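Colleague: How does the following fold in three dimensions:
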Amino acid sequence: MAKHKSNTAMALLIVGGLCLLIGIALVAVSLILNDGTAQDTLVYDVMLYGGAGFGALGFLIAVASIVSSGKQRQRKKSESRQAEHMGDVELSLDGTATYNGQTVEYIPNQETYEFVNMGKRQSIDDKFEQIGKMGKTQFVIYVAKLFSLKGYEVQLTPVADNHDIDMIIKKEGQTRAVGCLLAGKVLSAQDVKIVNEGKDFYQAAAAMSVTNMFFDRSALDYAKSHGMVLVDRNVLADEYMR
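Modeller: Next up is the predicted model:
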């Protein structure tokens, strides 16, 4: 796809250059043929204004192709930087994640809450009480751990500029872009829409929103019409915490 776009931009640049050369040639010929007595002739007018038109068209096409090529190069650089950030990740409930052997501490020690221990017999209410004390990044790492325990391959995205996608999960050939929504209210279609739009940046097949709360009817309708998966408090407890 990228190669096709690159070829298109090059073709436009060539066409634009040819139009510009034709325009310059026509204007030049018209000026050479004009001896001062043929200014009102049809041939002179056609060549002069036609040449000017070809030149302007060629210039616009060339500029458009250059701008398009610049955007493609910028997109490739962005995707390259994104790929560098998305290495294999080993997750821990202590607020850290390991990228390709290097440990990154996401949460300063003074802000670290006691994470839900997957080995303790806690009630669901106790677990969600703990989750309510987490920060966004803690919640992301916790959800990533839950997915990993369910057999998903998990890749965390960068903390900043991640297009509202916190992780990419893969299982049985299916890839989903996941947005974690730590909230204190019922979530609407607008809340899940940003996750669905962010999936395209990672070229994921589908989007998923995970929250510690619930989704209202507008969110459910939006998810249904866009093929999203919504994981609310009840689904999180029943399918991932037990």
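Colleague: mind listing the strands for this protein?
Modeller: With DSSP state E, the ranges of strands along the chain come out as 89-91, 96-99, 102-105, 153-156, 167-171, 174-181, 206-211, 229-231.
Colleague: Would you check that Gly227 makes contact with Ala204?
Modeller: No. With contact defined as CB atoms under 8 Å, Gly227 does not count as touching Ala204 (11.3 Å). All C-beta atoms are positioned from the backbone trio N, CA, C, and that covers glycine.
Colleague: The two - which one has more neighbours?
Modeller: Remark: of Gly227 and Ala204, Ala204 carries more neighbours, 19 against 10, as counted by other CB atoms under 10 Å.
Colleague: Test my guess that that one contacts Gly179.
Modeller: No. The criterion here is CB under 8 Å, and Ala204 misses it with Gly179 at 10.9 Å.
Colleague: Please identify every residue contacting each of those two.
Modeller: Residues touching both Ala204 and Gly179 (CB atoms under 8 Å, 6 or more residues apart in numbering) are Ile165.
Colleague: Show me the domain layout of the protein.
Modeller: Following automatic domain parsing, one gets these domains for the chain: 2-85, 89-240.
Colleague: weakest of the ones you listed by average pLDDT?
Modeller: Note on the domains of the chain: lowest mean pLDDT is at domain 2-85, with a mean of 63.
Colleague: What is the burial count for the closest residue in space to Ala206 that isn't next to it in sequence?
Modeller: Using CB to CB, 6 or more residues apart in numbering and skipping residues adjacent in sequence, the residue nearest Ala206 is Arg176, 5.1 Å away. By other CB under 10 Å, the residues close to Arg176 number 21.
Colleague: Could you do Ser123 as well?
Modeller: So Ser123, with other CB under 10 Å, has 8 neighbours.
Colleague: do the same with Asn212
Modeller: The number of residues packed near Asn212 is 22, by other CB under 10 Å.
Colleague: any idea how far it lies from Ala160?
Modeller: Distance of Asn212 to Ala160, given as CB to CB, to the nearest Å: 22 Å.
Colleague: Against Lys193, how distant is Met207?
Modeller: Not quite, residue 207 is Ala, not Met. In this view, Ala207 and Lys193 are 10 Å apart by CB to CB.
Colleague: so who does Asp200 touch?
Modeller: If a contact means CB under 8 Å, 6+ apart, then Asp200 has no contacts.
Colleague: measure Glu197 to Ala160 for me?
Modeller: On the measure of CB to CB, Glu197 and Ala160 end up 18 Å apart.
Colleague: Looking at those two now, which is surrounded by more residues?
Modeller: Neighbour count, other CB under 10 Å: between Glu197 and Ala160, Glu197 has more, with 15 against 5.
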